[in-house]
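Chemist: Pasting the sequence and the predicted model now:
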Amino acid sequence: MEIKEIKKENEIEEYRKLASSYGSIFNTYEWLKIFNNIVLYGIYDKGGNLIGGFHLYEEKRIGLTIYRNPPFTPFVGPFFKIDAHNPVNVLNKYREILSVVAEFLEQLDYSIISISLGRNIMDTLPFIWKRFKVVPGYTYILDLKKSVDDLYNRMSVERRNDINKAIKDNLAVRKIDDYNIVKSLVLKTFSRQKKDVDNKYYLDKILFSFANDNNSFAFATFKEEIPIASAFCVYDRTTAYYLLGGYDHEFKHHGAGALAVWEAIKCSKELGLKYFDFEGSMIPQIERYFRGFGGELTAYFRINRAWLPLEVILKCYRRELF
């Protein structure tokens, strides 16, 4: 088994087909071509057959080479095809593939590497053994096989009250295809949170180049025809991901955002999807907000490593990661 960078057209086409069947939307070539600095890797079996892949986003800063998740991308994979059915054989195959990935990442020429693994990757031992620091993160995932009533009743009293208050106050929510509304509200939220908005270029690419009726949808809540909150989701064959939320703080209605998210959840169910992923947050107030929608707490893992002298410095500033 080996890992090779994918560059040629025929390799990309092969990757595209495999990712559409076994990867998430964030592994698809259509998503990854949004970004300028993506390096695409294929996982090949002993017979030279492509069985999986992953990607890295490369940045150069003050002479440092940094590999990380692309902007707005929650995980890099890896995804792969496994033909085994016996549980032990499946675990063995996972271990074999992840060991090859860990060894490959260890040998890359990097200053810092910090990437999140896919939600299905629970075995991080190969990365620990290669002396990566493995840090858990958490998201909430709703099982959309439940009825709409069950999904509603799973929410906290506070979240249901938010939604009911929005309806009582005559806020209107509807599906929108004008993503300028999403952009405007997201940028207001980023500005309020003092969050980096340097990625406005990629925000535009996602909303105005990538998004279409087959991979995305958005809902907005209006007060007297003024949009005051929005929820934008992308989706693949199984899962909707709550990728972007926006809110106009000037209008200060706690139920506006919750109403938009609730409609996004119901829309995901109508599309026949299995899961709604809130895309997590380690910020306490945001985590509490997501928790109120009643999803299952789900762990995922981030692996980090840096050039040793740099890692010593990073331990002082990002001790939670390095």
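Modeler: Alright, I've got the coordinates. Numbering: from 1, shown residues only.
Chemist: show me where the stretch 1-150 of the chain has strands.
Modeler: Along the stretch 1-150 of the chain, the stretches classed as strands by DSSP state E, counting those that start in this stretch are 2-5, 38-44, 50-61, 64-68, 79-80, 112-116, 133-143.
Chemist: export the ones you listed to TSV and tack on mean pLDDT and mean neighbour count?
Modeler: C-beta: built from backbone N, CA, C; applies to glycine. Putting those into TSV (pLDDT from 0 to 100; neighbours: other C-beta atoms under 10 Å) gives the following:
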stretch	mean pLDDT	mean neighbour count
strand 2-5	95	14
strand 38-44	95	19
strand 50-61	94	20
strand 64-68	94	17
strand 79-80	94	22
strand 112-116	95	21
strand 133-143	95	17
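Chemist: now those as a markdown table including distance to residue 22?
Modeler: Listed next are those as a markdown table, based on distance: least, C-beta to C-beta, whole Å:
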| stretch | distance to residue 22 |
| --- | --- |
| strand 2-5 | 16 |
| strand 38-44 | 11 |
| strand 50-61 | 7 |
| strand 64-68 | 23 |
| strand 79-80 | 5 |
| strand 112-116 | 18 |
| strand 133-143 | 19 |
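Chemist: low-confidence ranges in the protein?
Modeler: For the chain, the stretches with pLDDT under 70 are 194-198.
Chemist: Which helix in it has the most residues?
Modeler: Determined from DSSP state H, the single longest helix within the chain is helix 87-107.
Chemist: right, and the strands of the stretch 1-150 of the chain - which one's nearest residue 205?
Modeler: Minimum separation from residue 205 across the strands of the stretch 1-150 of the chain (C-beta to C-beta) falls at strand 38-44, 12.3 Å.
Chemist: Direction included, what does the closest one pair up with?
Modeler: Strand pairing for strand 38-44, determined by DSSP bridges: strand 2-5 (antiparallel), strand 50-61 (antiparallel).
Chemist: and these as TSV, adding distance to residue 137?
Modeler: Shown next, in TSV, are the strands paired with strand 38-44 (distance: least, C-beta to C-beta, whole Å):
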stretch	distance to residue 137
strand 2-5	24
strand 50-61	17
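Chemist: Is residue 266 located within a helix, as I assumed?
Modeler: Yes - with DSSP: H, G, I helix; E, B strand; the rest coil as the criterion, residue 266 is part of a helix.
Chemist: surely it meets residue 147?
Modeler: No - the criterion here is C-beta atoms under 8 Å, and residue 266 misses it with residue 147 at 10.9 Å.
Chemist: Who has more neighbours out of these two?
Modeler: residue 266 (16 against 10; other C-beta atoms under 10 Å).
Chemist: Contacts only, for that one.
Modeler: 148, 151 (C-beta atoms under 8 Å, 6 or more residues apart in numbering).
Chemist: Ok, which of the strands of the stretch 1-150 of the chain comes nearest residue 183?
Modeler: So among those, strand 50-61 is nearest, using C-beta to C-beta, at 21.6 Å.
Chemist: tell me the angle of the closest one relative to strand 64-68?
Modeler: On the basis of axes from the mean of the first three to the mean of the last three C-alpha atoms, to 10 degrees, strand 50-61 is oriented at 140 degrees to strand 64-68.
Chemist: Just the CA atoms of strand 50-61, as PDB, please.
Modeler: What follows is strand 50-61, C-alpha atoms only, in PDB (Å, rounded to 0.1, in the frame of the first residue of the first chain):
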ATOM      1  CA  LEU A  50      -6.900   3.600  -6.000                       C
ATOM      2  CA  ILE A  51      -8.900   2.700  -2.900                       C
ATOM      3  CA  GLY A  52      -9.200   6.000  -1.100                       C
ATOM      4  CA  GLY A  53      -7.800   9.500  -0.600                       C
ATOM      5  CA  PHE A  54      -7.500  12.700   1.400                       C
ATOM      6  CA  HIS A  55      -6.300  16.200   0.900                       C
ATOM      7  CA  LEU A  56      -4.200  18.900   2.600                       C
ATOM      8  CA  TYR A  57      -4.400  22.700   2.400                       C
ATOM      9  CA  GLU A  58      -0.900  24.100   2.100                       C
ATOM     10  CA  GLU A  59      -0.100  27.600   3.400                       C
ATOM     11  CA  LYS A  60       3.200  29.500   3.400                       C
ATOM     12  CA  ARG A  61       3.600  32.000   6.300                       C
END
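Chemist: quick one: that strand to strand 112-116, angle?
Modeler: Using the same axes, to 10 degrees: strand 50-61 against strand 112-116 is 130 degrees.
Chemist: quick one, strand 50-61 and helix 87-107 angle?
Modeler: 30 degrees.
Chemist: Show residues contacting strand 50-61.
Modeler: Contacts for strand 50-61 (C-beta under 8 Å, 6+ apart): 6, 11, 14-15, 18-19, 22-23, 27, 32, 35, 37-45, 65-71, 73, 76-81, 97, 101, 113, 115.
Chemist: Over to stretch 210-225?
Modeler: Counting by C-beta under 8 Å, 6+ apart, residues outside stretch 210-225 touching it are 25, 30-31, 34, 166, 169, 171-177, 179, 181-182, 185, 227-236, 251, 253, 256-257, 259-261, 263-264, 267.
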